[in-house]
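Enquirer: Compute the structure for the input listed below.
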Amino acid sequence: GANGAGKTTLLKLILNELQPTTGKIEIQGVPAKIKSASLFAFVPQRSVMFTASVMANLLLASQADPTKLSALLKQLQLDRYAADLDQTLQPNQLSPGEQRRLGIIRGIAADRPFIVLDEPFSDIDAVNQQTVMQLLRQEAKKRGVVIITHTFDFVTAADQVLKVGDHHDN
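Expert: You can find the predicted model right below:
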């Protein structure tokens, strides 16, 4: 959907970050407020990074194999962080694209049945967009991947697409 069409609002309702003014949101017949935390890893448009180790920033409250984290860092062209997960990350020295890619790794490391990404390709150059999409397609073999976006550059015939907002055939 286009900017302002309600994609992020719909997402926040599903993730129980917003409450509907009428009706209710259920996931598999269970209220979203009970179900969403265990099902979804959410990667927001802006991933917050802290002045802490790379490992601490990627894991927050989850557990993951350091070898897997290093491999993900290398795959997303963040090699300078892969060799030493204990190095201190300086958020003010990260480009928006690096922050975005680190947030994606954080979402994958959470190891939930679904990973939901809000505009994961903005702030990332074309080469890294391809790399991110390749990683997300790998992840889609193991879990559900939901991408909220207003661009359809990476959509294939095999993808399921839900358009939000006005739809006019031109």
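
Enquirer: any idea where the strands of the chain begin and end?
Expert: 26-27, 30-31, 40-43, 52-53, 88-89, 114-118, 144-148 (DSSP state E).

Enquirer: Make TSV out of the ones you listed and add distance to A126 and mean neighbour count.
Expert: Glycine gets a C-beta too; all of them are placed from N, C-alpha and C. Formatted as TSV, the strands of the chain follow (distance: least, C-beta to C-beta, whole Å; neighbours: other C-beta atoms under 10 Å):
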stretch	distance to A126	mean neighbour count
strand 26-27	35	14
strand 30-31	41	12
strand 40-43	20	22
strand 52-53	31	15
strand 88-89	25	16
strand 114-118	18	21
strand 144-148	17	18
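
Enquirer: Would you mind putting those into CSV with mean pLDDT alongside?
Expert: Formatted as CSV, those follow (pLDDT from 0 to 100):
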stretch, mean pLDDT
strand 26-27, 80
strand 30-31, 79
strand 40-43, 90
strand 52-53, 94
strand 88-89, 94
strand 114-118, 91
strand 144-148, 88
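
Enquirer: got the ones you listed as CSV, with distance to N3 columns?
Expert: Below are the strands of the chain laid out as CSV (distance: least, C-beta to C-beta, whole Å):
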stretch, distance to N3
strand 26-27, 27
strand 30-31, 30
strand 40-43, 19
strand 52-53, 33
strand 88-89, 30
strand 114-118, 12
strand 144-148, 12
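
Enquirer: what about these, which gets the closest to L69?
Expert: For the strands of the chain, proximity to L69 was assessed by C-beta to C-beta; strand 52-53 is nearest, at 11.1 Å.

Enquirer: residues making contact with the closest one?
Expert: Contact with strand 52-53 is made by 85-89, as judged by C-beta atoms under 8 Å, 6 or more residues apart in numbering.

Enquirer: returning to what we had before: of the strands of the chain, which is nearest S62?
Expert: The nearest among these, by C-beta to C-beta, is strand 40-43 at 8.4 Å.
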